[in-house]
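quick one: sequence and predicted model below, then my questions.
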Amino acid sequence: MQKLVQQCRLLGDRQEFRKVMNLRSIDVIATRLWFDKLVPTRYPANVLSGFETTAGATFFNLNNLQDEYRDAPGSVITADFYGANELLPLTDEEVVARVKSHLEVCERGFKGATVVDSAVLRFPKAVTHFSPGSYASRPFQATSIPNCFLAGDWVKGVSHGANGLSQERAYVTGLTAANLVVDHCGQGSKAVVLDVEPDEPHIAAAKQANQAVRGVLDSLGLKSPLL
Ligand SMILES: Cc1cc2nc3c(=O)[nH]c(=O)nc-3n(C[C@H](O)[C@H](O)[C@H](O)COP(=O)(O)OP(=O)(O)OC[C@H]3O[C@@H](n4cnc5c(N)ncnc54)[C@H](O)[C@@H]3O)c2cc1C
């Protein structure tokens, strides 16, 4: 999008598109490891926090999540590193060894398992960096160009519970953009966008408290440093 904005006068003339130039992206490494035996994990989806100094990571047990691997003879684990700048230069073998060592800390059963196959994919600058201040530079779905609508995990102003870096948000905003096109053209049938389940009570309470604090700050004319 940044290249389009730089090269297309129609976009570059408009501040809402020029603001996109303020956004940054992060490096990601996606890995998949096949093991010689099944190692049960307590949870199918997991966050690896504090394992790397600058990168965060997740790992998923695909035997529990994907039909394709439900009956696999060994564990199939996918692990992704976000903010993986420092890890990009490592060899595939080094990355795989790192993933295995992290897994062993989380689930001791991996100590006795051997990696029989693996894949390591590097995605430099591939993922939107949702950082303090970035909200102000992200675009809305409807733009000042009447027949141009935006979709993707990075747009803002989406009245839906699918937030942040997620395929769900990308999907929801895609449907919403298509619905805006239907509105604009006056023809076609709109897609139904299902909302997420209601927040659990403690999350709902925290959101209410946050809104109350923001309301007070707004009434005092104080701006959030994050927006
Ligand atoms: C390693 C990794 C793991 C992830 N894991 C999860 C997860 O477990 N769960 C989850 O919900 N989300 C996950 N995400 C995030 C999720 O993938 C993204 O939020 C989602 O794909 C964003 O969709 P998008 O349509 O906004 O952008 P993208 O999926 O990036 O799609 C943009 C498309 O535009 C194309 N494109 C770019 N420039 C041009 C151009 N000039 N002309 C034509 N086409 C162009 C690109 O090739 C790409 O296909 C993960 C992301 C990564 C990288």
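Looks like it arrived, so ask away. These numbers were taken from a predicted model, which means no experiment stands behind them.

which secondary structure element contains the closest residue to residue 96 other than its chain neighbours?
Distances taken as CB to CB, 6 or more residues apart in numbering put residue 118 closest to residue 96, at 4.7 Å, once the chain neighbours are dropped. In this view, the C-beta of every residue, glycine as well, is placed from N, C-alpha and C. Assessed by DSSP states H and E, residue 118 sits inside strand 115-128.

tell me the strands beside that strand, with direction?
Here strand 115-128 is paired, per DSSP bridges, with strand 25-35 (antiparallel).

the partner strand - what's its average pLDDT?
For strand 25-35, mean pLDDT rounds to 97.

pLDDT below threshold where in this structure?
Where the chain drops to pLDDT under 70, the residues are 224-227.

enumerate the residues of it near the ligand.
By the rule CB under 6 Å from any ligand atom, the part of the chain lying against the ligand is 28, 30, 80, 123, 126-127, 152-153, 165-168, 170.

secondary structure element holding the residue nearest the centre of the chain?
The residue lying closest to the centre of the chain (CA atoms, centre = their mean) is residue 165, at 2.3 Å. Counting by DSSP H and E, no helix or strand carries residue 165.

isn't it up against residue 131?
No: using CB atoms under 8 Å as the test, residue 165 is too far from residue 131 to be in contact (11.7 Å).

a strand runs through residue 206, doesn't it?
No: Residue 206: not assigned to a strand; according to DSSP: H, G, I helix; E, B strand; the rest coil it is helix.

in the sheet, who's paired with the residue nearest to residue 180 when sequence neighbours are not counted?
Excluding the flanking residues, the one nearest residue 180 by CB to CB, 6+ apart is residue 149, at 4.6 Å. In this entry, residue 149 is beta-bridged to residue 142, by DSSP bridges.

report the contact partners of residue 149.
Neighbouring residues of residue 149 by CB atoms under 8 Å, 6 or more residues apart in numbering: 141-143, 177, 180-181, 184.

the residues you listed into JSON lines, with extra columns for neighbour count?
Below are the contacts of residue 149 laid out as JSON lines (neighbours: other CB atoms under 10 Å):
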{"residue": "141", "neighbour count": "19"}
{"residue": "142", "neighbour count": "17"}
{"residue": "143", "neighbour count": "16"}
{"residue": "177", "neighbour count": "17"}
{"residue": "180", "neighbour count": "19"}
{"residue": "181", "neighbour count": "15"}
{"residue": "184", "neighbour count": "14"}
